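Asker: With the input below, show me the fold.
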Amino acid sequence: MNKPAKSADLVALYKAAEIDPRLSTEEAAEHLAQLVAERQRLTDAVERQTLLSHLSIDQGAMKIDVVPPREVIINQVLAARALLDDAENYSETPVELPPSVEMDIGTAGERYVVIIQRPGKLTPHQARRLAEAERNRISCAVLALADEQDSAAAKLLALPTIGVSDIVVAVRQAESSVRSALAARLRDLADQT
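Answerer: Purely as a prediction, here's the structure:
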């Protein structure tokens, strides 16, 4: 049985929609429905990835609507939550723009680290500063102890030796040497921190 000939209008429509003219009207409708569904899937993907809510061209002018800032913030919060996961206080995510990426603001090849921090917790910089302050406090205490040992060693050597047995003098000298060695070792430790 022969298929009825398609009208010129229908042939023009098929051609404009890039539909094979050999398809029946039902097949063409199904093909168009698939194209519309694929277009919608791609449009949804672009919207999700670019935060565009609408993009159209009207009389040669492009019109773009972006997702409202509230939704952008919600997405950022959800991303931050995912990045923190079960981290105690922060998560670092290195970001490196390859030399081939240029955003007309001089960003090609630049590197960044994005830090997401839990509220009320220390940033890495704050934690480092606290650790440095504690290290400095301990270093000062160790140096003060070294000074005490040097002072005690000097006092031992300054004690009178007249009327004191040679053994007591030798013990004082030995103790003074030990205290001087201890002071030197304490200074070395303080320098290493």
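Asker: Could you identify the helix or strand that succeeds the helix or strand hosting Ser91?
Answerer: Using DSSP states H and E, Ser91 sits in strand 90-96. Sequence order places strand 111-117 as the next helix or strand after strand 90-96, per DSSP H and E.
Asker: Just checking: what are the partner strands of that following strand?
Answerer: Strand pairing for strand 111-117, using DSSP bridges, gives strand 90-96 (antiparallel).
Asker: Go ahead and name everything in contact with the strand it pairs with.
Answerer: With Cβ atoms under 8 Å, 6 or more residues apart in numbering as the test, strand 90-96 has contacts from 83-85, 110-118, 121, 123-124. From N, CA and C alone the C-beta is placed, and that goes for glycine too.
Asker: Looking at the record's assignment, how would you partition this protein?
Answerer: Domain ranges of the chain: 8-66, 69-121, 125-192, per automatic domain parsing.
Asker: So in this structure, which helix runs the longest?
Answerer: When the chain is parsed with DSSP state H, its longest helix is helix 124-158.
Asker: what helices or strands is whatever helix or strand comes next after that one leaning on?
Answerer: Following helix 124-158 in sequence order, the next helix or strand is helix 166-192 (DSSP H and E). Judged by 3 or more Cβ pairs under 8 Å, 6 or more residues apart in numbering; DSSP states H and E, the packing partners of helix 166-192 are helix 124-158.
Asker: buried sites along the helix it packs on?
Answerer: Val142, Leu143, Leu145, Ala146, Gln149, Asp150, Ala152, Ala153, Leu156, Leu157 (16 or more other Cβ atoms under 10 Å).
Asker: So the fifth one is in contact with Ser180, correct?
Answerer: Read it as Gln149. Yes - contact between Gln149 and Ser180 holds when scored by Cβ atoms under 8 Å: they sit 7.2 Å apart.
Asker: check contacts around Thr161.
Answerer: Val169.
Asker: Quick one: end-to-end length of stretch 151-169, please.
Answerer: When the termini of stretch 151-169 are compared using Cα to Cα, to the nearest Å, they are 17 Å apart.
Asker: Centre of the chain to it, how far?
Answerer: Using Cα atoms, centre = their mean, to the nearest Å, the distance from the centre of stretch 151-169 to the centre of the chain it belongs to is 62 Å.
Asker: cool, and stretch 146-163?
Answerer: How far stretch 146-163 lies from its chain's middle: 56 Å, per Cα atoms, centre = their mean.
Asker: can you tell me the average pLDDT over it?
Answerer: For stretch 146-163, the mean per-residue pLDDT is 92.
Asker: Would you mind measuring from the residue in the chain sticking out farthest from the centre to Arg111?
Answerer: In the chain, Gly163 marks the outermost C-alpha relative to the chain mean, sitting 73.0 Å out by Cα atoms, centre = their mean. Distance, Gly163 to Arg111, by Cβ to Cβ, to the nearest Å: 75 Å.
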